[in-house]
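**Q** could you work out the structure for the sequence below:
(one chain, ligands or ions: 1)
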Amino acid sequence: MKKTPLIQLSDISAGYDRKTVLDHIDLTVYEQDFLGVIGPNGGGKTTLIKVILGLLSPTSGQIRFFRNGTEVPEISMGYLPQYNAIDKKFPISVYEVVLSGLNRQKSLLHPFSREQHEQVQHVIAQMGLEGLEKRAIGQLSGGQLQRALLGRALVSDPQVVILDEPNTYIDKRFEAKLYSLLEEINRERAIILVSHDIGTVLQNVKSIACVNGNLHYHPDTEVPTEWLEEHFGCPIELVGHGNLPHRVLKSHNHTHNG
Ligand SMILES: Nc1ncnc2c1ncn2[C@@H]1O[C@H](COP(=O)(O)OP(=O)(O)OP(=O)(O)O)[C@@H](O)[C@H]1O
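**A** The predicted model follows:
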């Protein structure tokens with residue numbers, strides 16, 4: 001199958017103050033891609049996501065977006081932020097969280113349309129959150145909060161969904177369901193998944209980017225452990241985990257944060 005580019009980063013550098021975090025990286029995300037972004041702590045995974053989302057301007061390089069193979073100024077993106085980036089005390093209900101995913105489509109002077117409210121209700125049902133519409137986000141379990149935020153990321157029907165460390169929401173029961181849900185939504189849109197959990201990533205994604213200041217791309221998940229170790233910058237051990245291959249990190253000391 002021919003791959004059509006959706007997002008193309010060329011020679012991107014980015015960082016904070018005078019600290020360079022991403023150093024001249026290239027990356028192409030394709031339509032209906034399921035890209036796993038892995039790498040050690042502080043390697044620059046979230047920084048890469050911020051550049052793609054337009055939340056951080058690169059210091060060099062170019063980012064281009066495409067729709068059906070034609071370059072466009074922007075594409076629609078849904079975003080599930082890292083758990084610790086959420087203000088759980090913010091007084092907002094499940095319904096309002098999901099509805100807020102449509103803010104960009106709403107005109108300033110008009111209320112949300114009936115169709116938009118129906119779409120919110122549809123996504124709430126898809127996320128298994130019926131009955132919790134009025135519940136404040138501070139009174140949700142980690143897994144319920146994750147589903148509400150995933151609903152917000154999906155409700156606008158975006159071309160790509162970006163998930164930053166969804167495994168940290170600690171709901172083991174929902175985790176298997178999350179991945180089957182992602183498989184389903186991946187039929188219609190690209191997914192970028194940032195995760196420390198290499199085993200889970202390798203079992204679910206189609207391609208891999210290893211970010212550690214630089215970026216190494218692997219077009220599939222038949223990744224030799226040596227490749228992972230070399231580009232991850234840390235030793236990785238392959239251990240048995242049921243019938244599935246599962247890779248975990250050996251304990252090690254990091255010196256990546258400089
Ligand atoms: N707002 C900021 N201001 C200054 N430095 C920052 C900022 N955000 C991140 N950094 C630094 O940039 C580097 C890369 O951070 P980033 O969050 O992109 O890494 P990461 O790979 O996502 O890490 P983790 O796996 O821990 O989430 C780290 O050294 C971090 O301390």
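**Q** which residues in the stretch 101-250 of the chain form strands?
**A** Ranges of strands in the stretch 101-250 of the chain, per DSSP state E, counting those that start in this stretch, are 160-164, 190-194, 207-212, 214-218, 236-241, 244-249.
**Q** output the third one as CSV, nothing but the C-alphas.
**A** This file holds the C-alpha atoms of strand 207-212, laid out as CSV (Å, rounded to 0.1, in the frame of the first residue of the first chain):
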residue,chain,number,x,y,z
SER,A,207,6.2,2.2,13.1
ILE,A,208,8.6,3.4,15.7
ALA,A,209,10.5,6.7,16.4
CYS,A,210,13.1,6.5,19.1
VAL,A,211,13.8,10.1,20.4
ASN,A,212,16.9,10.8,22.4
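**Q** that strand: how far from the chain's middle?
**A** 13 Å (Cα atoms, centre = their mean, to the nearest Å).
**Q** give me the helices and strands touching it, please.
**A** strand 19-30, strand 34-38, helix 45-53, strand 214-218, helix 225-232 (3 or more Cβ pairs under 8 Å, 6 or more residues apart in numbering; DSSP states H and E). For every residue, glycine as well, the C-beta is placed using N, CA and C.
**Q** try the fourth one
**A** Helices and strands touching strand 214-218, as assessed by 3+ Cβ pairs under 8 Å, 6+ apart, comprise strand 19-30, strand 207-212, helix 225-232.
**Q** repeat that with 7 Å
**A** Other helices and strands packing on strand 214-218, by 3 or more Cβ pairs under 7 Å, 6 or more residues apart in numbering; DSSP states H and E, are strand 19-30, strand 207-212.
**Q** contact partners for the closest residue to residue 82 other than its chain neighbours?
**A** Computed as Cβ to Cβ, 6 or more residues apart in numbering, the closest residue to residue 82 that is not its neighbour in sequence is residue 164, at 4.5 Å. Counting by Cβ atoms under 7 Å, 6 or more residues apart in numbering, residue 164 touches 46, 49, 80, 81, 82, 194.
**Q** mind listing the residues bridging to the spatially most central residue of the chain?
**A** Ranked by distance to the mean C-alpha position of the chain (Cα atoms, centre = their mean), the top residue is residue 163 at 2.1 Å. Beta-bridge partners for residue 163, by DSSP bridges, are residue 80, residue 193.
**Q** rebuild the contacts of residue 164 as TSV, extending it with neighbour count and distance to residue 2.
**A** Converted to TSV, the contacts of residue 164 look like this (neighbours: other Cβ atoms under 10 Å; distance: Cβ to Cβ, whole Å):
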residue	neighbour count	distance to residue 2
46	20	31
49	22	27
80	23	29
81	17	33
82	16	34
194	24	27
